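S.K.: return atomic coordinates for the entry below.
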Amino acid sequence: EPKLTNIFKYIKSKDILGKDFEIELYGIEHNKAELVNNILKIENSYEAKYLKDYLLTTQREKVLNEISTLITKDVSIEEKKVLIEKSLKNIDGFKDSTLSDSNSCINRYKEYITEMSDLYKSKDGLIGISTGVDRLDYKIRGVKNQDFVVVGARPSMGKTSFVLNMFLNAIRTNEVPVMFSLEMPKEQILGRGITQLNNALNMNQTMYGEGYEETKSSIDDILNYLSEKDFYIEDFKEDAKAKITVNDLRVRAGEIENKLKAVNKKIGIIIIDYLQLISPDSRGSMSTNDIMSEISKGCKALGKIFSCPIVALSQLNRQLESRTDKRPQMSDLRDSGAIEQDADIIMFLYRPSVYLSKEIREQMKKRPNDDHLIRELEILEQQKIDDAEIIIGKQRNGEIGIVPAAFLKQSAMYGDREKFEDEDIWN
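M.R.: This next block holds a predicted model:
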């Protein structure tokens, strides 16, 4: 049993699970089952909650033996941290003995429905964070706490722009959004966000510095506004690791959550761009479906750990391009089995003009001097607002179907056509 004391002393002394994580050691006279139940002095910290969740659902002997072996490995503290967390993550066993009788279920529901009602009244029917598209918000009531939402689309449909609108709406309502951008650097994300906060600016100005002397004042106004808000865009640019796992996202989110606790705040939404760029935590050979299953379940678990919605972007199979009707459907999700099962809401973005433009350009390769095609392409490209559809393919607690929307091209922003047309943004 001396090993057991060494394990937890090591974790505490090396700060393996975070500065706010307090461990209380109990006498070795306890048997292992009792000891693991009583080993943690649970503080109000993310790390303590995370580890206790795993210890309460663990085959205790196996966990202690694995951790005992791991701490003797001749590797860095960071590697030991990852290995220990993986051993906890991959073990399952008996559940906490707390039972949910009829009274506890009823009381939980009363608390839930009261909270939902208060949110509904205070946010004009919204229960969660607005998507920026009123018709869509009406259908799903916003992106709600602990929802795992997957947004799928083919390239050039504006996936990142769509979720960026949620990010900015969280900021507007003083929530704290976190975006894990595995594809685009944070400065580009911010450049796109500025055009959504000021529709008079376009992407050429905020992304490439076109006419910066004239737009600097407007850009600075937005930056000053944002400087007074709390938000995080993590692009892992400074991270030497080539592969980012769900565990990396969880650890980084835990660091953010702990920082926010110091000012009595919490994470309001986590956005992941995008699922297929996440690597599995598990080692060894795995099928593509198994990899996506692990990643999907890990992302869904983040919502429970941090008590916030998780919105993840997903690629779609390119076979979609060969169909006559190019509207995405559930089977177009890459390795969709696990995602379909885990997601609470699955949405697809579709803009017909993207495909129409491609078709015209293909025809012009054969008939480059065709005036009709040239004129048709000019009209298409001069349109300031594209028609769009947001297809709800799955909603665990609501309707599915097609929601009409619009895409403001100069700001790369989804919304409602009538709102875009009403705004004086063309001068």
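S.K.: contacting residues around Gly128?
M.R.: Contact analysis of Gly128 by CB atoms under 8 Å, 6 or more residues apart in numbering lists 140-145, 147, 309. Every C-beta, even on glycine, is put in place using the N, C-alpha and C of the backbone.
S.K.: same thing but 7 Å
M.R.: If a contact means CB atoms under 7 Å, 6 or more residues apart in numbering, then Gly128 has 141-145, 147, 309 as its contacts.
S.K.: now tabulate these in CSV and tack on distance to Ser279.
M.R.: Shown next, in CSV, are the contacts of Gly128 (distance: CB to CB, whole Å):
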residue, distance to Ser279
Arg141, 34
Gly142, 31
Val143, 26
Lys144, 28
Asn145, 28
Asp147, 24
Pro309, 23
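S.K.: narrow the residues you listed to those that are buried.
M.R.: Neighbour-count burial (16 or more other CB atoms under 10 Å) applied to the contacts of Gly128 gives 141-145, 147, 309.
S.K.: any idea which of those residues is closest to Val263?
M.R.: Proximity of the buried ones among the contacts of Gly128 to Val263 (CB to CB) peaks at Asn145, which lies at 20.3 Å.
S.K.: before we move on, what SS does that closest one have?
M.R.: coil (DSSP: H, G, I helix; E, B strand; the rest coil).
S.K.: which residues in the stretch 201-350 of the chain form helices?
M.R.: 203-208, 212-227, 246-261, 288-306, 336-342 (DSSP state H, counting those that start in this stretch).
S.K.: quick one: Ser130 and Asn169 touch, right?
M.R.: Yes: in this structure, Ser130 is within contact of Asn169 by CB atoms under 7 Å, at 4.4 Å.
S.K.: where do the strands sit along this protein?
M.R.: 148-152, 176-181, 232-234, 244-245, 267-273, 278-279, 310-314, 345-350, 385-395, 401-408, 413-415 (DSSP state E).
S.K.: so who does the residue nearest the centre of the chain touch?
M.R.: With distances taken as CA atoms, centre = their mean, Ile271 lies nearest the centre of the chain, 2.6 Å away. For Ile271, the contact set (CB under 7 Å, 6+ apart) comprises 163, 166-167, 177, 179, 311.
S.K.: quick one on the thing from earlier: dump the strands of the chain to TSV, plus distance to Ile295.
M.R.: Converted to TSV, the strands of the chain look like this (distance: least, CB to CB, whole Å):
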stretch	distance to Ile295
strand 148-152	11
strand 176-181	12
strand 232-234	17
strand 244-245	8
strand 267-273	10
strand 278-279	5
strand 310-314	9
strand 345-350	15
strand 385-395	18
strand 401-408	27
strand 413-415	26
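S.K.: and those strands as CSV, adding mean pLDDT?
M.R.: Shown next, in CSV, are the strands of the chain (pLDDT from 0 to 100):
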stretch, mean pLDDT
strand 148-152, 95
strand 176-181, 94
strand 232-234, 92
strand 244-245, 87
strand 267-273, 94
strand 278-279, 88
strand 310-314, 95
strand 345-350, 95
strand 385-395, 94
strand 401-408, 94
strand 413-415, 92
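S.K.: ok, which of the ones you listed comes nearest Lys300?
M.R.: Of all these, strand 148-152 comes closest under CB to CB, at 4.3 Å.
S.K.: nearest to Asp290, out of the strands of the chain?
M.R.: strand 278-279 (13.0 Å).
S.K.: who's in contact with the closest one?
M.R.: Under CB under 7 Å, 6+ apart, the answer for strand 278-279 is 182, 243-246, 295.
S.K.: now stretch 165-176
M.R.: Stretch 165-176 is contacted from outside by 129-132, 143, 177, 179, 193, 196-197, 229-231, 260, 265-269, 271, 311, 413-414, using CB under 7 Å, 6+ apart.
S.K.: before we move on, back to that, out of the helices of the stretch 201-350 of the chain, which is closest to Glu238?
M.R.: Closest among the helices of the stretch 201-350 of the chain, using CB to CB: helix 246-261, at 11.4 Å.
S.K.: next, the angle strand 267-273 makes with that closest one.
M.R.: Here helix 246-261 runs at an angle of 150 degrees relative to strand 267-273 (axes from the mean of the first three to the mean of the last three CA atoms, to 10 degrees).
S.K.: tell me how far helix 246-261 lies from the chain's centre.
M.R.: Computed by CA atoms, centre = their mean, to the nearest Å, the chain-centroid distance of helix 246-261 equals 13 Å.
S.K.: you'd agree Pro177 is up against Gly268?
M.R.: Yes: counting by CB under 7 Å, Gly268 is a contact partner of Pro177 at 5.8 Å.
S.K.: in contact with Ala412, which residues?
M.R.: 158, 161, 192, 195, 203.
S.K.: cutoff 6 Å now
M.R.: 158, 161, 203 (CB atoms under 6 Å, 6 or more residues apart in numbering).
S.K.: how about the second one: what's its closest non-neighbour residue?
M.R.: To tie it back to what came earlier, the one meant is Ser161. Ala412 (4.2 Å; CB to CB, 6 or more residues apart in numbering).
S.K.: dihedrals phi and psi, the one you found?
M.R.: phi 50, psi 60 (degrees, to the nearest 10).
S.K.: distance check, Asn169 against Gln329.
M.R.: From Asn169 across to Gln329, the span is 27 Å (CB to CB, to the nearest Å).
S.K.: which of those two has more residues huddled nearby?
M.R.: Regarding Asn169 and Gln329, a neighbour count based on other CB atoms under 10 Å identifies Asn169 as having more, with 23 against 15.
S.K.: which one of the contacts of strand 278-279 is nearest Lys384?
M.R.: Of the contacts of strand 278-279, the one sitting nearest to Lys384 (CB to CB) turns out to be Leu182, at 31.1 Å.
S.K.: which residues does that closest one contact?
M.R.: Taking CB under 6 Å, 6+ apart, we find Leu182 in contact with 244, 277.
S.K.: any stretches of the stretch 101-250 of the chain with poor pLDDT?
M.R.: Scanning the stretch 101-250 of the chain for pLDDT under 70 picks out the ranges 119-125, 239-242.
S.K.: and Ile270, how many residues sit next to it?
M.R.: Residues near Ile270, counting by other CB under 10 Å: 25.
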